[in-house]
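Novice: A structural model of the following input is requested.
(2 chains)
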Amino acid sequence: MTPRVVFPNKILPYLLVAPQLAITLVFFYWPASQALYQSMLKEDPFGLKSQFVWFANFAKVLSDPNYLNSIRVTAIFSVSTAAVSMIAALLLAVMADKVVRSRGLYRTLMIWPYAVAPAIAGMLWLFLFNPSIGSLAYLLRQMGIAWDPLLKGDQAMVLVVMAAAWKQISYNFLFFVAGLQAIPKTLIEAAAIDGAREMKRFWTIVFPLLAPTTFFLLVVNTVYAFFDTFGIIHAVTGGGPGKSTETLVYKVYNDGFVNLILGDSAAQSVILMIIVIALTAVQFRYVERKVHYG
Amino acid sequence: MADTVQATAPSRGHDKLMIGQSAVSIYTAHAILILGIVVVAFPIYYTFVASTHTLQTILRPPLPMLPGGHFIENYSEALFGGVGRIGGVPVSTLLWNTTIVAFGIAIGKIVISILSAYAIVFFRFPFRMFFFWLIFITLMLPVEVRILPTYKVMVDLGLIDTYTGLIVPLIASATATLLFRQFFLTIPGELVEAARVDGAGPYRFFKDILLPLSRTNIAALFVILFIYGWAQYLWPLLVTNRNDMNTIVIALKKMVSFADADTEWHLVMVTSMLAILPPILVVVFMQRWFVRGLVDTEK
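Specialist: You can find the predicted model right below:
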C-alpha cells in the first residue's frame, strides 16, 4: 500500500534519487552493457582491432573442456558446501531448540564466524591443514594419510568446502532456529502423546514444516557458494592444483584479468549474469511467500 | 516410560522438559552443542595461539595447544614495525584503510538508499517506477559478472588506489533501498498529512519524523553492511596496486606464500587475528541489531 499523501515537489525527488542513479549507471549499467557488447567481439591479441562475431564466443566457451570442468567444479563445490553447512546447522539448531539453559550463550558463540571474511575463513583452515605448518595436517600424516591439498585436487576441494561451509554455519543456524521457533510446540507434544518417538517426530512433523526455511536457505547458500566464495578460492588454492578448484567466478577473473582473454571472459560474465537472474527470480518467486508448505 | 517427564514436572538443571523429552536427550543436546561450538571456534583459537608463538615454534608442527609468551612482541611488531612481504607497510595502516572502507561503504549505502527510497515513496514524479526498477535490477549485477568493464571505468576515472575507488562503486545497493522502501510504506498516510498540516516541508518531515522512526532499521542495516564492507575481497583486489592502499584482507593474502620459506607466519597469524576482531566485536556487541538486520535484508 502506498500512502496517498505525498509532497508536491517537482525537482526535489530527482535530486534525491540522483546519487544512487548516477552510481548505478556508471558502475553497473555501463560496465554490464560493455560486458554484453564485448561478449560478441573477437579481439586480436594486441587489442588493435576487433570484429563482431555474434555468439561465436559463447559457442567457444561452452565447448571448451576447461569451462565444462569449471561448471562441474562449481556444481560439486556448491552442492557440498550447501549440504555440509545446512546439515550441521540444522543439527545444531534442533539441539539448541531443545535446551533452555544457556540458550543465549550458545547462540552468541555460534554466530560469530559470520563476521569472518570468506577469504580469512579460508586462511584459517589453511593454517590448520597446510602441509608445512598445519598441526592437523601433521596429525593426518601421523595417521598415515598422504595429505597434501597443494598437490592433490580432491583434497584441495575438501579444504575449500570445509572453509566455505564453516563460515556459513552461523547464518544457517540463525534461520533454522527461527524456523523451529515458529513451529507450534503443541503439535509436537500431540505426536509424543500418540507415541511417536523423537526421530519419528522430527521426520514427520518438524522437517516438513521447516521446508520453506530449508528451501530459502538452499537458494541463499547456492548464491553464496557461487559468488561470495571467490575470496576463499583465490586465497587458499588459486583455482589449483591443476584446475581442480576453478569455479566459474574464479575462471572469469582468471581469464579476463590475469590471462586477458577478453571476449571469452565477457561471454562467461554474461553466462554468469543469466545464472544470477535465474537465481534471483527463483528467490523472489518462491521465497517471498515463505508459507508454501510442501 | 520412565524417562518421559510431564511438561509441568520440575526439570533437572534448568531445562524444562516437554512431553516426550527425556533428560538423556537434553544432555545429548548440550553435548552436541558444545562439540559444535568447539569445532566452530577451533580455527580461530588455533590462530590466536599461533599468533603468540615465535616463528620457529610455528614452523615445527604440531603447535602447542596453549598460548605462548610472545603476545606483546608479535603484535607490536606487526602493528607498528611493518611487514616485509607487503612492502614494509605496518598492519595499523591496513586496519585504518579497512576501517575507512567499511565505514564508507556502510554509511554511503545507507545515505543514498534512504534518500532514493524517500523520493520513491513520498513523491510522485515522472519515471518514478522506472527509476525503482533501474535500482532493483542491480541486484542481478554483482561485481563478479562485470569485472573487466568495471575495472576499465575505474582506470578511466583515475580511481585506482584511492578510497573513493574502494568505496563508491560498492555503495549502490538495491537491497538497502528495497528495505527502506518497504519500511516507509508501512508509515501511515495520516502521519504525513499531520506533518503537512503543521507546516512541515519535505526536509522537516524527513529530519524530524522519518529519520527518528528509521533508527532501528538503520542500526540493523549498519551492522550487516559494516561486515559486508570489511569482508570485501574481489573489489579491493582489482582496484588497489599500492601496498599502503590495501585492505587487511588483501594484504593477508599477499603475506602468505607457500612456495617460499620466508613467510613470516607469526605476523600472518597476528594479522589474521586483527582482521577478524573488529567485525566479530561488532556482531557480538550489536547482536540484537545484527540478527534483525540479517533477517530483514533477506526478506
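Novice: Could you pull up the residues touching the residue positioned nearest the centre of chain A?
Specialist: Taking CA atoms, centre = their mean as the criterion, A:Tyr224 is the residue nearest the geometric centre of chain A, at 1.5 Å. Counting by CB atoms under 8 Å, 6 or more residues apart in numbering or on different chains, A:Tyr224 touches A:81, A:164, A:168. C-beta: built from backbone N, CA, C; applies to glycine.
Novice: Which other helices and strands does the helix or strand where the first one lies contact?
Specialist: If I follow you right, that is A:Thr81. A:Thr81 is part of helix A:65-98, with elements assigned from DSSP states H and E. If contacts are counted by 3 or more CB pairs under 8 Å, 6 or more residues apart in numbering or on different chains; DSSP states H and E, helix A:65-98 sits against helix A:103-111, helix A:153-181, helix A:211-223, helix A:248-253, helix B:23-50.
Novice: One more pass at 10 Å, please.
Specialist: With contacts taken as 3 or more CB pairs under 10 Å, 6 or more residues apart in numbering or on different chains; DSSP states H and E, helix A:65-98 sits against helix A:56-63, helix A:103-111, helix A:153-181, helix A:211-223, helix A:230-236, helix A:248-253, helix A:262-282, helix B:23-50.
Novice: is the third one up against chain B anywhere?
Specialist: When you say that, I think you mean helix A:153-181. Yes. Using CB under 10 Å from any CB of the partner chain, we find that helix A:153-181 touches chain B at A:162-163, A:166-167, A:169-171, A:173-175, A:177-178.
Novice: again with the shortest one
Specialist: Yes. Contact between helix A:248-253 and chain B, assessed by CB under 10 Å from any CB, occurs at A:248-250, A:252-253.
Novice: and of the residues you listed, the nearest to A:Ser269?
Specialist: Taking CB to CB as the measure, A:Ser269 lies nearest A:Val252 of these, at 5.6 Å.
Novice: Show the low-confidence segments of the stretch 151-294 of chain A, by residue range.
Specialist: By pLDDT under 70, the weakly predicted segments of the stretch 151-294 of chain A are A:286-294.
Novice: And the residue of it closest to chain B?
Specialist: Here the stretch 151-294 of chain A gets closest to chain B at one residue, A:Ala192, 2.6 Å apart by CB to the nearest CB.
Novice: model confidence over stretch A:87-99, on average?
Specialist: Averaging pLDDT along stretch A:87-99 gives 90.
Novice: Run the chain-centre distance for that stretch.
Specialist: Centroid separation for stretch A:87-99 versus its chain: 22 Å, with CA atoms, centre = their mean, to the nearest Å.
Novice: list the buried ones in stretch B:101-113?
Specialist: B:101-110, B:112-113 (16 or more other CB atoms under 10 Å in any protein chain shown).
Novice: List the ones among the residues you listed that fall in helices.
Specialist: Secondary structure assignment by DSSP state H places B:101-110, B:112-113 of these in helices.
Novice: Leaving out chain neighbours, which residue sits closest to B:Phe123?
Specialist: Spatial nearest neighbour of B:Phe123, excluding adjacent residues (CB to CB, 6 or more residues apart in numbering or on different chains): A:Pro13 at 3.8 Å.
Novice: what helix or strand does that neighbour sit in?
Specialist: Per DSSP H and E: A:Pro13 is located in helix A:12-24.
Novice: Show me which residues of stretch B:188-206 are buried.
Specialist: Of the residues in stretch B:188-206, those scored as buried under the neighbour-count criterion (16+ other CB under 10 Å) are B:192, B:195-196, B:200, B:202, B:205-206.
Novice: First-to-last residue distance for that stretch?
Specialist: 14 Å (CA to CA, to the nearest Å).
Novice: Also stretch B:133-150?
Specialist: The first residue of stretch B:133-150 is 21 Å away from its last residue (CA to CA).
Novice: gap between it and the chain center?
Specialist: Centroid displacement of stretch B:133-150 relative to its chain, using CA atoms, centre = their mean, is 20 Å.
Novice: And for stretch B:131-141?
Specialist: 22 Å.
Novice: Tell me which helix or strand comes right after the helix or strand encompassing B:Ile227.
Specialist: Per DSSP H and E: B:Ile227 is located in helix B:215-230. With elements assigned by DSSP H and E, the helix or strand that comes after helix B:215-230 is helix B:234-239.
Novice: could you point out which element follows that following helix?
Specialist: In the C-terminal direction, the helix or strand that comes right after helix B:234-239 (DSSP H and E) is helix B:248-255.
Novice: That next one and chain A in contact?
Specialist: Yes. Applying CB under 10 Å from any CB, one finds that helix B:248-255 is in contact with chain A at B:248-250, B:252-255.
Novice: okay, that helix in PDB with CA atoms only?
Specialist: Coordinates of the C-alpha atoms in helix B:248-255 are reproduced here as PDB (Å, rounded to 0.1, in the frame of the first residue of the first chain):
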ATOM      1  CA  ILE B 248      43.800  -6.000   5.600                       C
ATOM      2  CA  VAL B 249      42.100  -9.000   3.900                       C
ATOM      3  CA  ILE B 250      44.000  -8.500   0.600                       C
ATOM      4  CA  ALA B 251      47.300  -7.800   2.400                       C
ATOM      5  CA  LEU B 252      46.900 -11.000   4.400                       C
ATOM      6  CA  LYS B 253      46.600 -13.000   1.100                       C
ATOM      7  CA  LYS B 254      49.800 -11.300  -0.200                       C
ATOM      8  CA  MET B 255      51.700 -12.100   3.000                       C
END
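Novice: how big is the angle separating the helix or strand just after it from helix B:215-230?
Specialist: Remark: after helix B:248-255, the chain's next helix or strand is helix B:265-285, criterion DSSP H and E. With axes from the mean of the first three to the mean of the last three CA atoms, to 10 degrees defining the directions, helix B:265-285 sits at 170 degrees from helix B:215-230.
Novice: for the record, mean pLDDT for stretch A:116-124?
Specialist: For stretch A:116-124, mean pLDDT rounds to 89.
Novice: Now do the contacts for the spatially most central residue of chain B.
Specialist: For chain B, B:Ile227 is the residue whose C-alpha lies nearest the centre (CA atoms, centre = their mean; 0.7 Å). With contacts taken as CB atoms under 10 Å, 6 or more residues apart in numbering or on different chains, B:Ile227 has the following neighbours: A:114-117, B:102, B:106, B:278-280, B:282-283, B:290, B:293-294.
Novice: which one of those residues is nearest A:Pro212?
Specialist: Each of these was checked against A:Pro212 using CB to CB; the closest is B:Leu294, at 17.0 Å.
Novice: didn't that closest one look like it was pressed against A:Val177?
Specialist: No. The pair formed by B:Leu294 and A:Val177 falls short of the contact definition of CB atoms under 10 Å, at 11.8 Å.
Novice: still on that earlier bit, quick one, the helix holding A:Thr81 and helix A:103-111 angle?
Specialist: Note on geometry: by the same axes, to 10 degrees, helix A:65-98 and helix A:103-111 are set 170 degrees apart in direction.
Novice: Would you mark the buried spots in helix A:65-98?
Specialist: Of the residues in helix A:65-98, those buried under the neighbour-count criterion (16+ other CB under 10 Å) are A:67, A:70, A:73-74, A:76-78, A:80-82, A:84-86, A:88-90, A:92-98.
Novice: Please apply the same query to stretch A:19-26.
Specialist: Counting neighbours by 16+ other CB under 10 Å, stretch A:19-26 gives A:19-21, A:23-24, A:26 as buried.
Novice: tally of neighbours for B:Leu281?
Specialist: 12 (other CB atoms under 10 Å in any protein chain shown).
Novice: Surely it and B:Leu274 touch.
Specialist: No. The pair B:Leu281 and B:Leu274 fails to qualify as a contact (CB under 10 Å) at a distance of 11.6 Å.
Novice: hang on, the earlier thing: where do the contact lists of B:Leu294 and A:Val177 overlap?
Specialist: Taking CB under 10 Å, 6+ apart as the contact rule, B:Leu294 and A:Val177 both touch A:Ile111.
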